[in-house]
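K.L.:
Have a look at this prediction, sequence included:
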Amino acid sequence: MNDKDLFVKTEEYIGKTVTLEGWVKNHRKQKEFGFISFSDGTFFTPIQIVYEKDLKDFDEIQKIRVGSSIRVVGEVVESPKEGQAFEVKAKEVTLLGDCPEDYPIQPKPHSREFLREQAYLRPRTNLFQAVFRVRSKAAAAIHEYFQDRDYVYLHAPLITAADAEGAGEMFQVTTLDLERIAKEKKVDYSKDFFGRPASLTVSGQLQGETFALAFKKIYTFGPTFRAENSNTKTHANEFWMIEPEISFCDLEGDMDIMEDMLKYVVKYVLENCKEELEFLDNFVEKGLIEKLEKLVDSKAVRITHHDAIQYLLDSGKKFEFEPKFGEDLAREHEKYLTEEKFNCPVFVYNWPKDIKAFYMRLNDDKETVAAVDLLVPGSGELMGGSQREERLDVLNARMDELKMEKDTLWWYLKLREYGGCIHSGFGMGFERLIMYLTGIENIRDVIPYPRTPGNCEF
């Protein structure tokens, strides 16, 4: 059996003998008895194992060190300790896998920087038990949300010849001899594995659009890659994205889905990660649960980018970065709009075309596109989307304006000729969501093994 069974069905097991297998988180030894803090990883809260001197292997049990794996056979009894419903009185404790004295994860505070160096062991700590269980439940909620609403789950390719963002920040995939190329100073892509330049994807959106125009509603949920040499707390070179695409949906409908999905996921985590969120509320971000509950109960406001800038200019506040029409919003601007001006989530839509991607639908003013960002209190931008440009002539003109190569995107353009329709979609960085749900401020601490500039450890 596992730990979770005992916590969920405690009354059923009181007085019964159970067998547990897991790891020692702490071991407090007394002359006549001892306490082992035990976990098998199936529940956040550890179980207290009590053993007494009358056990035949008492002296050997006392030698068991933190980090060791053990098997425990014992009786589940009501605990005399306040706040603890039960404990297990051991009849047998068997050492399965020993652990040396210099085991890095001792029962004491460790810095997150230190734990990144021990990333293969950090899932055993309380902090990362909480973070990665929240991550797991959030992923389940995302799939449940879309599956229950008849979206088709698309596995978009990770290797692509198309740059969805037009930014060029892509990792190249090649089997060519780079040392020989460096000597000869020329590249013949016809001899490469795919016969053309190929890269790791920055987004599954473009392929997602092709499936949305067949299945009506699809979503991708998988890894994406960005060759951006950035060492901030919010950037990683490998990260996961959720990207739905919906046919016959305009920008207003897109915003409806964005808000509904986010609230669904947050509510799901609140209901299924109570112990983890209580821990994170106590030790990572005070008021975390209140923040999440407030979001679920809120109603997002919708303002244009022009109005957002005007609100910032009219606020009378002194910002480090001056708000300007036609330019992006800074984190401090997002904070003011969500936490001071409106005190709720805020959709900012109709963005200047010059700072947005080529595929976003051009508005009638010819200056803005039907793009939207969702800003939330305590985090800022959490997701972004747009109505996609379905008009072939406008899309062609936009790509020409940006001097984009069309050869690798011929199929994306051709799609507009074969039964095209109004369609929209959005993207959300999964790690950014997990940072919001856990209060963790560094993206390196919400990914099992972060990939950042100069770091590809583990």
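P.N.:
That came through, no problem. Numbers count the residues shown, from 1 in each chain.

K.L.:
And the helices in the stretch 101-250 of the chain, which stretches?
P.N.:
Secondary structure of the stretch 101-250 of the chain (DSSP state H, counting those that start in this stretch): helices at 112-117, 126-148, 178-184, 205-215.

K.L.:
looking at those helices, which one has the lowest mean pLDDT?
P.N.:
Within those, the stretch with the lowest mean pLDDT is helix 178-184, showing a mean of 90.

K.L.:
Can you name every helix or strand that it contacts?
P.N.:
The helices and strands touching helix 178-184, judged by 3 or more C-beta pairs under 8 Å, 6 or more residues apart in numbering; DSSP states H and E, number zero. C-beta here means a position set from N, CA and C on the backbone, and glycine is covered the same way.

K.L.:
How about residues contacting that helix?
P.N.:
Val187 (C-beta atoms under 8 Å, 6 or more residues apart in numbering).

K.L.:
what's the distance between the residue lying farthest from the centre of the chain and Phe128?
P.N.:
Most distant residue from the mean C-alpha position of the chain: Asp54, 49.1 Å away (C-alpha atoms, centre = their mean). Distance, Asp54 to Phe128, using C-beta to C-beta, to the nearest Å: 37 Å.

K.L.:
And Ile309, by the same measure?
P.N.:
40 Å.

K.L.:
Helices of the stretch 251-400 of the chain, start to end?
P.N.:
With DSSP H, counting those that start in this stretch, the ranges of helices along the stretch 251-400 of the chain come out as 251-272, 274-283, 288-297, 305-314, 331-336, 392-401.

K.L.:
CA atoms only: put the lowest-mean-pLDDT helix or strand in the chain into CSV for me.
P.N.:
In the chain, no helix or strand scores lower on mean pLDDT, DSSP states H and E than helix 178-184, which sits at a mean of 90. C-alpha atoms of helix 178-184 as CSV (Å, rounded to 0.1, in the frame of the first residue of the first chain):
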residue,chain,number,x,y,z
LEU,A,178,30.7,21.4,-38.1
GLU,A,179,34.5,21.2,-37.9
ARG,A,180,34.8,20.6,-41.6
ILE,A,181,32.3,23.4,-42.3
ALA,A,182,34.4,25.7,-40.2
LYS,A,183,37.5,24.9,-42.3
GLU,A,184,35.7,25.1,-45.7
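
K.L.:
from the chain's centre, how far out does that helix sit?
P.N.:
39 Å (C-alpha atoms, centre = their mean, to the nearest Å).

K.L.:
ditto for stretch 60-77
P.N.:
35 Å.

K.L.:
Lys414 versus Glu209, what's the distance?
P.N.:
Glu209 is 12 Å from Lys414, by C-beta to C-beta.

K.L.:
show me where pLDDT drops low in this structure?
P.N.:
Applying pLDDT under 70 to the chain flags residues 164-168.

K.L.:
picking up where we left off before, using a markdown table, lay out the helices of the stretch 251-400 of the chain together with mean neighbour count and distance to Phe221.
P.N.:
Output for those, formatted as a markdown table (neighbours: other C-beta atoms under 10 Å; distance: least, C-beta to C-beta, whole Å):
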| stretch | mean neighbour count | distance to Phe221 |
| --- | --- | --- |
| helix 251-272 | 19 | 12 |
| helix 274-283 | 17 | 21 |
| helix 288-297 | 16 | 21 |
| helix 305-314 | 18 | 28 |
| helix 331-336 | 19 | 25 |
| helix 392-401 | 15 | 26 |
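
K.L.:
which one of those lies closest to Gly195?
P.N.:
helix 392-401 (23.6 Å; C-beta to C-beta).

K.L.:
one step back: of the helices of the stretch 101-250 of the chain, which stretch is the most buried?
P.N.:
By mean neighbour count, with neighbours taken as mean count of other C-beta atoms under 10 Å, helix 205-215 ranks first of these at a mean of 20.

K.L.:
gap between it and the chain center?
P.N.:
For helix 205-215, the distance to the chain centre is 23 Å (C-alpha atoms, centre = their mean).

K.L.:
List of residues touching it?
P.N.:
152, 154, 156-157, 160, 162, 164, 218-220, 243-247, 359, 388, 409, 411-412, 415, 419-421, 423, 425, 427.

K.L.:
cool, stretch 92-112 as well?
P.N.:
21, 24-26, 36-37, 49, 51, 55, 57, 60-61, 64-74, 118, 121-122, 124-125, 127, 442, 445.

K.L.:
from the residues you listed, which would you call buried?
P.N.:
24-25, 36-37, 49, 51, 55, 61, 64, 66-70, 72, 74, 122, 124-125, 127, 442, 445 (16 or more other C-beta atoms under 10 Å).

K.L.:
Inside strands: which ones of the residues you listed?
P.N.:
24-25, 36-37, 49, 51, 69-70, 72, 74 (DSSP state E).

K.L.:
Which single one of these is nearest to Asp314?
P.N.:
Lys25 (54.2 Å).

K.L.:
residues in contact with the nearest residue to Arg391 once chain neighbours are set aside?
P.N.:
Distances taken as C-beta to C-beta, 6 or more residues apart in numbering place Arg416 nearest to Arg391, at 7.2 Å, with adjacent residues excluded. Going by C-beta under 8 Å, 6+ apart, Arg416 touches 390-392, 395.

K.L.:
try Asp3
P.N.:
20, 22, 38-43, 46-47.

K.L.:
could you flag which of those are buried?
P.N.:
Counted by 16+ other C-beta under 10 Å, the contacts of Asp3 give 20, 22, 38-40, 43, 46-47 as buried.
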